[in-house]
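A.B. asks: sequence and computational prediction follow.
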Amino acid sequence: MTEKITVTSPRLVCVSPAQLEVVLAKSAGTILGVLAYAATRPEWSADALPYAWVTLPVFREEAWYEVWISSRAAVVSHDSEFSFSCDGSLLFGSLVVDDADSGQLEPKAFAAYTAIFDLLDRTGYPELLRVWNYFPDINAAGRGMERYREFNVGRYEAFCRRGRSVGEGMVPAACALGTRRGTLVVCFLAGKMPGVFIENPRQTNAYRYPGDFGPRSPAFSRGVLVGDALLVSGTASIVGSRTMHPEDVLRQLGETLENLRVVIAQARVRGFAAQDPAGLCLNVYLRHATDFPVVRGRLEAEFGGARIAYLQADVCRADLLVEIEAFWMPVP
Ligand code: 3EB
């Protein structure tokens, strides 16, 4: 007998601290997990939900909460390494590794991804859909290579070691950003059923980047459709595999917006239908605080009605000044 699986579509509510309790109360029992962005430890933290504090400053706010929600009941579990929640179709989990600022990153990334794959295989949610990666000093020199490149080696090797191929339709949507201190945070959305993975014809698929960007390519896709929702990976000013406009944040922003448009257009070909900007949430990561006013001006003109968080973070290539990730769901 085969189990009938109805695919749920994830939902996202983004709020500042003052609105958090209302959202949590309203969605009680259906919450998949919470990401908290804040430079200093937020007052609220969850012990009964998958939760991660991402140590990034938020422009204009003390903190910014992403509350990931299911349309169905979500059951939370805890084991030694993880908190995760399952709704019968989706699994959301968080993994927080301490002391990620000392020592080599490669074995830490390898161990984190291996543990995640083991969890997914054990629980019956084998399809990795979207991953959030945050760790300190992403552009700093590690042992012989940049720490982001060390991270890519560990991540790639974990895919291979668990028999997961790094290729078209096989790698999750993702983002990878640098924090100032502390932990390696890996949050993940997985499913019983595969997602519809999206690539961007303007950009080399990241898992095929040439060797000048590191000995192992980053294992991610440009986006994923999960039910009726689109999760767009961190998107930057890259055409082919090259960084464009290395010194110019507004030109980088223009290139990034073009890449976002293309990813969304590719998703539309695969059936993505949301149109209302009220269902659009963006995280905008800026390397330099001084770029905030101009970037904000341009984005507010471009995306009126969207929920936009501006965060200060190191982007994974030293010459990238801005990166944007997006979540878009239909509104009833
Ligand atoms: C890029 O397009 C920019 O390593 O998981 C974006 C999204 C980027 C995800 C990752 C990296 C990652 O290559 C950087």
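C.D. replies: Here it is on my side, so go on. Numbers count the residues shown, from 1 in each chain.

A.B. asks: show the pLDDT at the residue of the stretch 1-150 of the chain found nearest the ligand.
C.D. replies: Here the residue of the stretch 1-150 of the chain nearest the ligand is N133; by C-beta to the nearest ligand atom that distance is 5.6 Å. All C-beta atoms are positioned from the backbone trio N, CA, C, and that covers glycine. The model reports N133 with a pLDDT of 98.

A.B. asks: tell me the spacing between it and G178.
C.D. replies: Taken as C-beta to C-beta, to the nearest Å, the spacing of N133 relative to G178 amounts to 10 Å.

A.B. asks: the two: who's more crowded?
C.D. replies: Ranked by neighbour count (other C-beta atoms under 10 Å), N133 and G178 place N133 first, with 25 against 22.

A.B. asks: tell me which parts of the stretch 101-250 of the chain are close to the ligand?
C.D. replies: For the stretch 101-250 of the chain, the contact set with the ligand under C-beta under 6 Å from any ligand atom comprises 133, 174-176, 206, 218, 220, 233-234, 236, 238.

A.B. asks: those in strands, which ones?
C.D. replies: Helix and strand membership here follows DSSP state E; of these, those in strands are 133, 174-176, 233-234, 238.

A.B. asks: so what's V97 bridging to?
C.D. replies: L184 (DSSP bridges).

A.B. asks: residues contacting stretch 12-20, please?
C.D. replies: Judged by C-beta atoms under 8 Å, 6 or more residues apart in numbering, the contacts made with stretch 12-20 from elsewhere in the structure are 23, 27, 42-44, 61-69, 281, 307, 309, 327, 329.

A.B. asks: first vs last residue of it, how far apart are they?
C.D. replies: With C-alpha to C-alpha, to the nearest Å as the measure, the ends of stretch 12-20 fall 13 Å from one another.

A.B. asks: rewinding a little: between the residues of the stretch 101-250 of the chain next to the ligand, which is closest to Y148?
C.D. replies: Of all those, A176 has the smallest distance to Y148: 6.8 Å, by C-beta to C-beta.

A.B. asks: in space, what's closest to that closest one - neighbours in sequence excluded?
C.D. replies: Of all residues beyond its chain neighbours, the one nearest A176 is N133 (4.2 Å), with distances taken as C-beta to C-beta, 6 or more residues apart in numbering.

A.B. asks: and F92, by the same measure?
C.D. replies: Take F92 and drop its neighbours on the chain: the residue closest to it by C-beta to C-beta, 6+ apart is L32, 3.7 Å away.

A.B. asks: look up how far the ligand lies from C160.
C.D. replies: The span separating C160 from the ligand equals 16 Å under the rule C-beta to the nearest ligand atom, to the nearest Å.

A.B. asks: the closest residue to T243 other than its chain neighbours and the ligand, how far apart?
C.D. replies: In space, not counting the residues next to it along the chain, T243 is nearest to D319; the distance is 4.7 Å by C-beta to C-beta, 6+ apart. Look at D319 and the ligand: by C-beta to the nearest ligand atom, they are 11 Å apart.

A.B. asks: which of the residues in the longest helix anywhere in the chain are buried?
C.D. replies: Identified as the longest helix of the chain according to DSSP state H is helix 249-269. For helix 249-269, the buried set under the neighbour-count rule, 16 or more other C-beta atoms under 10 Å, comprises 249, 252-253, 255-260, 262-264, 266-267.

A.B. asks: packing partners for it?
C.D. replies: strand 196-198, strand 223-226, strand 229-235, strand 238-239, helix 292-302, strand 322-328 (3 or more C-beta pairs under 8 Å, 6 or more residues apart in numbering; DSSP states H and E).

A.B. asks: now with 10 Å?
C.D. replies: With contacts defined as 3 or more C-beta pairs under 10 Å, 6 or more residues apart in numbering; DSSP states H and E, the packing partners of helix 249-269 are strand 196-198, strand 223-226, strand 229-235, strand 238-239, strand 280-286, helix 292-302, strand 322-328.

A.B. asks: so where do the helices sit in the stretch 101-250 of the chain?
C.D. replies: Assigned helices in the stretch 101-250 of the chain, in chain order: 106-123, 147-161, 249-269 (criterion: DSSP state H, counting those that start in this stretch).

A.B. asks: pLDDT weak spots in the stretch 101-250 of the chain?
C.D. replies: Residues of the stretch 101-250 of the chain meeting the criterion pLDDT under 70: none.

A.B. asks: give me that answer again for 90
C.D. replies: By pLDDT under 90, the weakly predicted segments of the stretch 101-250 of the chain are 101-103, 143-144, 180-182.

A.B. asks: check what pLDDT E3 gets.
C.D. replies: The pLDDT attached to E3 in the predicted structure is 62.

A.B. asks: thinking again about what came up before, for the residue nearest to A176, which residues are in contact?
C.D. replies: With contacts defined as C-beta atoms under 10 Å, 6 or more residues apart in numbering, the neighbours of N133 are 109, 112-113, 148, 151, 155, 174-178, 184-188, 218, 220, 234, 316.

A.B. asks: could you redo the last one with a cut-off of 8 Å?
C.D. replies: If you count contacts by C-beta under 8 Å, 6+ apart, then N133 has 151, 174-177, 184-186 around it.
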